[in-house]
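Engineer: this one's structure only:
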Ligand SMILES: [Zn+2]
Ligand SMILES: [Zn+2]
């Protein structure tokens, strides 16, 4: 139960998606040294439960890593091709683009599943092209 709150707090703070390992890394960083951080198995169980309840949703990336994000509002995902960071894009910001895609392809797009876009996150843009 405590891990559930901890996981949600971490995900609310990033405005995007994190893998189980990343969630744990952030928990470790945010937890006082004398307090216990849930182990990976506990965090994995916690996010699985939260996905079942519709609080979180899972996104499987190209490399097979599953990342988890809040499922509160319909959104799309922008994946950084360099560092793998997943940023959530509010669905209404892409609504007109989706309308065009629908009209052009007669393809019904699911708001729930959303789109996955690829590019560079702000941090990697700032780092430039040298690395
Ligand atoms: Zn998401
Ligand atoms: Zn990046």
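Structural biologist: Everything's here; your move. Note that the structure is a prediction, hence the values are computed from the model and not measured. Ligands and ions are numbered 1, 2, ... in the order given.
Engineer: For residue 50, give its distance to ligand 2.
Structural biologist: The gap separating residue 50 from ligand 2 is 25 Å, by C-beta to the ion, to the nearest Å. For every residue, glycine as well, the C-beta is placed using N, CA and C.
Engineer: Provide the count of other residues in contact range of that residue.
Structural biologist: Using other C-beta atoms under 10 Å, residue 50 has 20 other residues around it.
Engineer: For it, give me its contacts.
Structural biologist: 4, 7, 8, 56, 68 (C-beta atoms under 8 Å, 6 or more residues apart in numbering).
Engineer: Could you rerun that using 6 Å?
Structural biologist: Residues near residue 50 by C-beta atoms under 6 Å, 6 or more residues apart in numbering: residue 56.
Engineer: who's in contact with the residue nearest the centre of the chain?
Structural biologist: When C-alpha atoms, centre = their mean is applied to the chain, the residue found nearest the centroid is residue 17 (1.6 Å). Counting by C-beta under 6 Å, 6+ apart, residue 17 touches 59, 67, 69, 86.
Engineer: cool, and residue 75?
Structural biologist: So residue 75 contacts 88, 89, 90, 91 (C-beta under 6 Å, 6+ apart).
Engineer: Please consider this matter closed, and thank you.
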